[in-house]
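K.L.:
this one's sequence-less:
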């Protein structure tokens, strides 16, 4: 699987760009049609760490957007709300993956030796 | 994964700016002086939209050139071509020697039509965000 490279966020005249950063998060690093061979590409742990970092970045972006809006800076509601929703969705996706992992682990544990 | 959100957000920001500009036009429909207080009638402002490249949609691979996500960017322009409105208002401090007063080239009717259109465009983009949200939430159900 190839490492995902996202284009840098665009700069728009008259638009603050912080909310438009390429979304990191879980799922970054997934590409359809990848080969099944596990030799190439990052391992699962690295991918998971990447995902956690991405989710964290989204949460921080949402946080700073909200702060800037409250401070009266030139931020529209739409930007704040989208940033918050992005953070929310990526966090929930990460939690889903974690739950699935734990489920698998419990399954493993219950195998009689 | 959130490209659709970003694209819709640029549109929301742009439509919001358009509404802001319209509000400014309506507010200054009778302004005969500029910001500096000089006798220069206000000129209608409008927002010009342009497509904005926002990187790759979908899986982010370089091969997906045709699937590039396209947002919208905008620029606020001043309408210099529409003629100013001239009214006979002798005694007005900004009226000319012939008693004619130049009023801004703001046409309230078209401003309001534009405002309604901007509001509807905003609504449409909110619906697009709503759908992207639903899509992401539905996808979560796959993991269950």
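P.N.:
That came through, no problem. For clarity, every value in this text was computed on a predicted model and none was experimentally measured.
K.L.:
any low-confidence regions in the chain?
P.N.:
Went with chain A since none was named. Residues of chain A meeting the criterion pLDDT under 70: A:1-40.
K.L.:
That was the other one, I meant chain B.
P.N.:
Residue ranges of chain B with pLDDT under 70: B:56-67.
K.L.:
For it, what lies in contact range of chain A?
P.N.:
Applying Cβ under 8 Å from any Cβ of the partner chain, we find that chain B lies next to chain A at B:1-3, B:5-6, B:8-10, B:12-14, B:16-17, B:52-56, B:59-62, B:71, B:73-76, B:129, B:133, B:136-137, B:139-140, B:143-144. C-beta: built from backbone N, CA, C; applies to glycine.
K.L.:
Is it possible to mark the buried ones in the residues you listed?
P.N.:
Among the residues of chain B next to chain A, those classed as buried by 16 or more other Cβ atoms under 10 Å in any protein chain shown are B:1-3, B:5-6, B:8-10, B:12-14, B:16-17, B:52, B:54-56, B:59-60, B:71, B:73-74, B:129, B:133, B:136.
K.L.:
So which of these sit within strands?
P.N.:
Among these, the members falling in strands (DSSP state E) are B:52, B:54-56, B:71, B:73-74.
K.L.:
In a helix, residue B:138, correct?
P.N.:
Yes - assigned with DSSP: H, G, I helix; E, B strand; the rest coil, residue B:138 falls within a helix.
K.L.:
count of residues packed around it?
P.N.:
By other Cβ atoms under 10 Å in any protein chain shown, the residues close to residue B:138 number 9.
K.L.:
and what of residue B:77?
P.N.:
By the measure other Cβ under 10 Å, the count of residues near residue B:77 is 13.
K.L.:
Then the one 10 residues further on?
P.N.:
Residue crowding around residue B:87 was assessed by other Cβ under 10 Å; the count is 13.
K.L.:
same check, this time on residue A:107
P.N.:
9.
K.L.:
and it, that's in a strand?
P.N.:
No - counting by three-state DSSP, residue A:107 is not found in a strand; it is helix.
K.L.:
which residues in the chain form helices?
P.N.:
Going with chain A. Counting by DSSP state H, chain A has these helices, from start to end: A:44-70, A:77-109.
K.L.:
look at chain B instead
P.N.:
Counting by DSSP H, chain B has helices at residues B:3-27, B:108-143.
K.L.:
Find the nearest non-adjacent residue to residue B:10, please.
P.N.:
Excluding the flanking residues, the one nearest residue B:10 by Cβ to Cβ, 6 or more residues apart in numbering or on different chains is residue B:71, at 3.6 Å.
K.L.:
partners of that neighbour in the sheet?
P.N.:
residue B:52 (DSSP bridges).
K.L.:
before we move on, back to that, wait, which of the ones in strands among the buried ones among the residues of chain B next to chain A is closest to residue A:56?
P.N.:
Nearest to residue A:56 among those: residue B:55, at 20.9 Å, using Cβ to Cβ.
K.L.:
Noted, bye for now.
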